[in-house]
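In: how would this look folded up:
(chains A and B)
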Amino acid sequence: MSRIRHLISIDDLSKSDIEYLLDRADDFLDVARGKRRLRTLEGKILANLFFEPSTRTRMSFESAMKRLGGEVINLGTLEATSVAKGESLADTLRVVEQYADCIVLRHYREGSARFASQICDVPVINAGDGAGQHPTQTLLDLYTIRKEARLNNLKIALIGDLKYSRTVHSLIKALALFNAEIYLVSPETLRLPEEIMDVDVTFVECDLKEAIENADVLYVTRIQRERFPDEEEYRKVAGSYRLTAEMLENSDAIVMHPLPRVDEISYDVDGLKNAVYFRQAFYGVPVRMAILSEVMS
Amino acid sequence: MNVLTISKIRDGTVIDHIPAGKALEVLKILGIKSGSRERVSMAMNVESKKMGRKDIVKVEGKFISDEELNRIALIAPKATINIVKDFEISRKFRVSIPQRVEGILRCPNQNCISNDPKEPATSEFRVEELNGDVVAWCVFCGKKVYDVEKYLV
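Out: Have a look, this model is predicted:
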């Protein structure tokens, strides 16, 4: 594959780039589990710049970097930084790149990571830009699908907030490379935007029951209160899809979720063999190890 | 037979094959507005063998810049430009759609980093012609723009 300098959008990766990164993640599985030690990024520093809350993405990058022998510095809370004094993102980036060998950026503005990659000499990894792209989440989703089901000719149901969910938007683009059939299950007001459907994929709009009967993977997303322009609209659709153990009684479909969940997957699903969402969170570590190794090697 | 009569110009630019109804947009791109001193002739919705109907703009004393050309190409991808010197056409060419434009279009996505006044981000778009229409993609947020004339800066 060609050398990846920055990772901004899943669109920047070819099918073979994706397969290469997933293969590399396989190489790091034991290291991610702490069974083997590696020091390949010893002496390197990663800067985590998170302008929006995050637990999994931030901590899995931190874990991945430390498992590779590197070190991590964090922006900390925004109130304690120059951002609170009115510093622009551009200036923050120009300063932070003086302290680190790679920047992981999460920012509320769409396109902020691409902008950062134009400004910075060190590699920039997009950890989510507004409702835009979240390519490392997509890669770990693909990795989970490959490990727990199959990636080629997959039947996958995307359930919940298909309008605002950036993980869903990026995942659709990537699945288009693997000949997937995609079932869409969402409230009317949270349907997938038409521009996201402009890919070479078969889409089927259906209800939850049909999706469970047909799909190999049920990818459930949270209805995100913070993305709604008004609270009333959120209340109309909150809790409209809830997956329970009873509904999965005769299904072999794996259940994925980018987490955090609120009430869209009942706790009684956690104990079923179908539930892979906590392993999915773990797979973030080897996948991010593969990405960090690639951009910093 | 109807004969189109627009007087010849001595020195300046003739923009032909503008899609019908878009001549006013072209004038806007050229910075010609109420109070401007340029001598301008304009014909709208005239018959055209190639296009059915088209607009034509003639501006005396004005030679078009590359940036203006790029802007015109976005709204009139089939326009032809005639540079006139001493009543003769000294150069004639078709506009070509630029593959990328900077600072010419505004991203319709209000949450795009290019719309943040605090950041030194110049808007940047990748441009393509699809089935005769111009389509632009924001390089930063990926937003697709079909009606580009609405977003000309």
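
In: next, count neighbours for the residue in chain A that chain B sits nearest to.
Out: Closest approach of chain A to chain B (C-beta to the nearest C-beta) occurs at residue A:111, with a separation of 2.7 Å. In this view, the C-beta of every residue, glycine as well, is placed from N, C-alpha and C. When neighbours are counted by other C-beta atoms under 10 Å in any protein chain shown, residue A:111 registers 33.

In: you'd agree residue A:9 is up against residue A:135?
Out: Yes: using C-beta atoms under 8 Å, residue A:9 makes contact with residue A:135 at a distance of 5.8 Å.

In: compare the two (neighbour count), which wins?
Out: residue A:135 (25 against 21).

In: quick one: the more buried one from residue A:236, how far?
Out: The gap separating residue A:135 from residue A:236 is 31 Å, by C-beta to C-beta, to the nearest Å.

In: which one is residue 78 nearest to, not counting chain neighbours?
Out: Let's take chain A. Nearest non-adjacent residue to residue A:78, counting by C-beta to C-beta, 6 or more residues apart in numbering or on different chains: residue A:84, 5.9 Å away.

In: if you could check chain B rather than the one you did, that'd help
Out: The shortest distance from residue B:78 to any non-neighbouring residue, by C-beta to C-beta, 6+ apart, is to residue B:17 (5.1 Å).

In: ranges for the helices of chain B?
Out: Assigned by DSSP state H, chain B shows helices spanning B:23-29, B:66-75.

In: and the chain, what are its domains?
Out: Looking at chain A here, since you left the chain open. Taking the TED database as the reference, chain A has its domains at A:6-133+A:284-296, A:136-281.

In: not quite, I wanted chain B
Out: B:12-94, B:100-150.

In: between the two ends of the shortest one, how far is it?
Out: If I follow you right, that is domain B:100-150. End-to-end span of domain B:100-150 (C-alpha to C-alpha, to the nearest Å): 18 Å.

In: what do you get for the longest one?
Out: Between the opening and closing residues of domain B:12-94 lies a distance of 16 Å (C-alpha to C-alpha).

In: please apply the same query to stretch A:249-263.
Out: End-to-end distance for stretch A:249-263, by C-alpha to C-alpha: 19 Å.

In: quick check: mean pLDDT of that stretch?
Out: The pLDDT scores in stretch A:249-263 average 93.

In: mind listing residues that contact it?
Out: A:55-56, A:137, A:141, A:144-145, A:148-149, A:157, A:167, A:212-213, A:215-223, A:239, A:242-243, A:248, A:264-265, A:269, A:272, A:274-277, A:280-281 (C-beta atoms under 8 Å, 6 or more residues apart in numbering or on different chains).

In: using the three-state scheme, assign the residue nearest to residue A:78.
Out: helix (DSSP: H, G, I helix; E, B strand; the rest coil).

In: please report the distance of it from residue B:34.
Out: Distance from residue A:84 to residue B:34, by C-beta to C-beta: 46 Å.

In: next one: residue A:261
Out: In terms of C-beta to C-beta, residue A:261 sits 59 Å off from residue B:34.

In: one step back: out of the helices of chain B, flag the one nearest residue A:172.
Out: When the helices of chain B are compared by C-beta to C-beta, helix B:66-75 sits nearest residue A:172, at 28.9 Å.

In: okay, buried residues for that closest one please.
Out: Neighbour-count burial for helix B:66-75 flags B:68, B:69, B:70, B:71, B:72, B:73, B:74, B:75 (criterion: 16 or more other C-beta atoms under 10 Å in any protein chain shown).

In: what residues does chain A put near chain B?
Out: Chain A comes close to chain B at residues A:9, A:11, A:86, A:88-90, A:107-112, A:114-115, A:129-133, A:195, A:198, as judged by C-beta under 8 Å from any C-beta of the partner chain.

In: buried residues, stretch A:285-297. List them.
Out: Going by neighbour count (16+ other C-beta under 10 Å), the buried part of stretch A:285-297 is A:285, A:286, A:287, A:288, A:289, A:290, A:291, A:292, A:293, A:294, A:295, A:296.
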